[in-house]
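**Q** What shape does this take:
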Amino acid sequence: MRPAMTVRRLLFFCMGNICRSPTAEAVMRAKLAAAGIDVEVDSAGTHGYHVGEPPDERSQAHAARRGYDLSPLRARQLLAADFDRFDLVLGMDEANLREAERLCPPAQRHKLQPLMRYAPEAGSRIVPDPYYGGEADFERVLDLVEAACEGLVATLATA
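**A** Numbering: from 1, shown residues only. Next comes the predicted model:
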């Protein structure tokens with residue numbers, strides 16, 4: 001599951017950029033740092049509902065328990081220009097991948113992938129939205145994101 005290009009910049013996205021994608025951004029930064037891999041990481045949302053806001057307090061609290069700091073992050077909306085800027089653009093679920101595909105120039109579609117592609121053993125093709133859920137849903141997001149980020153780091157380390 002190697003990316004077909006050298007990855008220097010990667011972008012995670014979900015719907016509002018306050019739960020799943022900022023969690024993935026923080027987890028990936030930590031895992032890349034631990035592996036000594038220098039890759040720029042960012043996150044965005046397909047919708048502009050929360051632009052400029054910090055991540056959801058529940059996402060921050062659950063991530064903090066595992067050692068990840070989401071507090072400096074702020075939501076932003078996914079832009080067509082992101083497909084030029086980033087080498088890999090990773091979505092959390094099918095609905096948001098379809099939204100991103102509408103923005104994505106045809107020549108850049110190879111950059112658009114589901115995050116869970118990097119953790120087939122996790123048993124989920126998506127990272128489900130925890131926003132309307134409870135504690136277990138936020139923990140599940142972290143479990144899935146950690147597994148996928150570990151798989152992605154392993155892929156980048158061999159590229």
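**Q** could you pull out the strands for the protein?
**A** 9-14, 40-45, 88-91, 112-114 (DSSP state E).
**Q** Give me the sheet partners of the last one and which way each runs.
**A** The strands beside strand 112-114 in its sheet (DSSP bridges) come out as strand 88-91 (parallel).
**Q** can you list the residues that contact the partner strand?
**A** Applying Cβ atoms under 8 Å, 6 or more residues apart in numbering, the contact partners of strand 88-91 are 3, 5, 7, 9-14, 24, 82-83, 97, 100, 104, 111-115, 152. The C-beta positions use only the backbone N, C-alpha and C, and glycine is treated the same way.
**Q** That one: how far from the chain's middle?
**A** In terms of Cα atoms, centre = their mean, to the nearest Å, the centre of strand 88-91 is set 7 Å apart from its chain centre.
**Q** Then stretch 106-126?
**A** Average the C-alpha atoms of stretch 106-126, do the same for its chain, and the two points are 10 Å apart (Cα atoms, centre = their mean).
**Q** just stretch 54-63 next, same as before
**A** Mean-position distance between stretch 54-63 and its chain equals 15 Å (Cα atoms, centre = their mean).
**Q** What are the buried residues along stretch 130-139?
**A** Pro130, Tyr131, Asp137, Phe138 (16 or more other Cβ atoms under 10 Å).
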